[in-house]
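Trainee: I'd like to go over a predicted model; first the sequence, then the structure.
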Amino acid sequence: PLPLPLPCRAGDRMLRDPRARAYATAITAVAALAGAAWLWRRRRRRSSADATTAHPLIQTLRRACPRGAVTLEDRGSLERFLSAARGSANPAASSLVLIIDFDLTMSAPLGAECHHMLRDSPAMPEAFRQDVWTLFDARDEAHPEHDAIFGAPDAPDRPHRFWMHYNKLLAKHRITRSMVDRAVAGEKKVSGDLLRPGVGELLALCDEVGALVVILSAGIEQVIRSSFAHDGVALPAGCHILTNTLVFDDHDCCVAVEPTAPPASREGKLKLLNDLEPLRERRLVLLIGDKPVDARVGRGMPPFRGGGGGGGGGGGGGSEGADGSRIELAFGFFNERPTESGALPPDVNKWRSAFNVLAHRGNEATFAPVAALVRAVVEPD
C-alpha cells in the first residue's frame, strides 16, 4: 500500500510528491470503477424490473392483487397465448382449459395438504395416524423400514410407492367418509379458510364463460370436495377432479383407492389427464400451480383433435408447436412455507424458469390475477 503523505503548510507540496500523485490517481480510478459498477447494477435491476412488470396485462394483474408481486417471466409466451385467443375462429372460452393443482395452490398456502390433514387429525383412528407417521418417517433412507416401503431406488414403481402405501392404509383402517369430513371440518375450525382467496370467483367466472376446469392433484378427492363444501365454494358443472378417490362399501368404509396402476402420484396423475376426452377439444391451456412440476403437466394431455402434435410442449409452459397445436401458459405461486429441518429454502429462480407469470409473494396472493388473466383471454378488447 502507498504511504499517506503527511500534511504540511504548503499544500501544493503534496501534489508535487510523486507518491501522493500516484495515491490520488489510484483513489480516483477505484472510485470511478465503483461508481460505474453501481450505475450498471442499478440500470440492470431497473431494466429487469421493467421487463417483468411493464406489460399492460401484467399491470392489470398486479392491480388485481397488489400484495402478490406478480411478474412476467416470459413475454413471448404471454403474447402468443393472447394472440391465439384473439385469432381463434370460435369463442376463446370454448378453447380454454384451466388445469389447476389443489394442495397449496387452490388450498390455503399455509394450510395442511390432503395427506397431512388426515395424518394429523384426531378424527382419524390413532392406529392409522401412527402408520402414516411411519410412512412419512420412512422417507429417510436411514429408517429401518425405508427399503420395505419404498423399494429399490431403480424400481419402476418407486415414484408411486408413497401413494401406494398410503392408499393401502386408508383401506386397512377402514376409513369412513364421515371421518374424512370431520378431519376437514376440524382443519377449518383451527385454520379458518381452507381455500386461497379468490378461488370461488375464478370458478364462477369459468362456469359463466364456459372455460373447462380440471383440478389435477396428487391429493385425495374426498378431502378436496369437503374443503370446497366447508368453504361454501361451488364447483363448475363441468369441473373434473383427477386425483386419488376413496371407494366405499355399503357401510361407508374405505375398501380401496382408485386409480391403482399407477395411483395419482405426482407422475401417475398424468395418466388421468391423458384419459380425459374433453381435453382433446381444448387448444388454450392455462396451467396453475405452486411447484415447478405443475408447469409441466401439459405433457400428459391427450392429442389435440384440432391440429397436429400431442399434448403440451412440456417444459415451462408457454409452448407452441406447429400451426394448430396447443399453446400453454403457466401461472405460478411462490409460497414461502417453513422448510423442514435441515432442508434448504426453495430457490425462486426455479419458479421463474418454470412459470411464465409468477406471483412471488404466494402466501399473500389471491386468485384475482388468474381471474383477470382469464377475462383478458375470453373478453379481449
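Mentor: That came through fine. Numbers count the residues shown, from 1 in each chain.
Trainee: check contacts around the residue positioned nearest the centre of the chain.
Mentor: Nearest to the geometric centre of the chain sits residue 290, at 1.7 Å (Cα atoms, centre = their mean). Going by Cβ atoms under 8 Å, 6 or more residues apart in numbering, residue 290 touches 101, 103, 104, 105, 109, 332, 333, 334, 335, 362. Where C-beta positions appear, they are placed from N, C-alpha and C, glycine not excepted.
Trainee: out of those residues, name the ones that lie in helices.
Mentor: The helices, defined by DSSP state H, take in nothing from the contacts of residue 290.
Trainee: looking at the residues you listed, which is nearest residue 274?
Mentor: Nearest to residue 274, judged by Cβ to Cβ, of these is residue 101 at 17.1 Å.
Trainee: could you find the closest non-adjacent residue to the closest one?
Mentor: Excluding the flanking residues, the one nearest residue 101 by Cβ to Cβ, 6 or more residues apart in numbering is residue 289, at 3.9 Å.
Trainee: about what we covered before: among the contacts of residue 290, name the ones in strands.
Mentor: The strands, defined by DSSP state E, take in 332, 333 from the contacts of residue 290.
Trainee: need the phi and psi values for residue 89.
Mentor: phi -70, psi -30 (degrees, to the nearest 10).
Trainee: look up how far residue 306 lies from it.
Mentor: Going from residue 89 to residue 306 by Cβ to Cβ, to the nearest Å gives 10 Å.
Trainee: now swap in residue 115 and tell me
Mentor: Taken as Cβ to Cβ, the span from residue 115 to residue 306 is 38 Å.
Trainee: same drill for those two, tell me which one is more crowded.
Mentor: residue 115 (20 against 14; other Cβ atoms under 10 Å).
Trainee: quick one: contacts of the helix or strand where that one lies?
Mentor: Under the criterion of DSSP states H and E, residue 115 resides in helix 114-120. Residues lying outside helix 114-120 but in contact with it, judged by Cβ under 8 Å, 6+ apart, are 102-103, 112, 124, 128-129, 132-133, 136, 166, 175, 180, 183-184, 187, 217, 219-220, 223-224.
Trainee: how far does it sit from its chain's centre?
Mentor: 20 Å (Cα atoms, centre = their mean, to the nearest Å).
Trainee: tabulate the CA atom coordinates of the helix or strand just after that helix in PDB.
Mentor: Following helix 114-120 in sequence order, the next helix or strand is helix 126-137 (DSSP H and E). Taking C-alpha atoms only, helix 126-137 is exported to PDB below (Å, rounded to 0.1, in the frame of the first residue of the first chain):
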ATOM      1  CA  GLU A 126     -54.900 -43.500  16.200                       C
ATOM      2  CA  ALA A 127     -53.500 -46.700  14.700                       C
ATOM      3  CA  PHE A 128     -54.000 -45.100  11.200                       C
ATOM      4  CA  ARG A 129     -52.200 -42.000  12.200                       C
ATOM      5  CA  GLN A 130     -49.300 -43.900  13.700                       C
ATOM      6  CA  ASP A 131     -48.900 -46.000  10.500                       C
ATOM      7  CA  VAL A 132     -49.000 -42.800   8.400                       C
ATOM      8  CA  TRP A 133     -46.300 -41.200  10.500                       C
ATOM      9  CA  THR A 134     -44.200 -44.300  10.000                       C
ATOM     10  CA  LEU A 135     -44.600 -43.800   6.200                       C
ATOM     11  CA  PHE A 136     -43.600 -40.200   6.400                       C
ATOM     12  CA  ASP A 137     -40.600 -41.000   8.600                       C
END
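Trainee: which parts of helix 126-137 are buried?
Mentor: 128, 129, 131, 132, 135 (16 or more other Cβ atoms under 10 Å).
Trainee: residue 259 contacts residue 273, correct?
Mentor: No. Contact between residue 259 and residue 273 fails when scored by Cβ atoms under 8 Å: they sit 11.9 Å apart.
Trainee: so the two - more neighbours on which side?
Mentor: residue 273 (22 against 19).
Trainee: ok, the buried residues of helix 126-137 vs residue 280, which is closest?
Mentor: residue 135 (36.9 Å).
Trainee: if I look at the closest residue to the closest one other than its chain neighbours, how far off is residue 243?
Mentor: Excluding its sequence neighbours, the residue lying closest to residue 135 (Cβ to Cβ, 6+ apart) is residue 165, at 5.5 Å. Applying Cβ to Cβ, the value for residue 165 to residue 243 is 17 Å.
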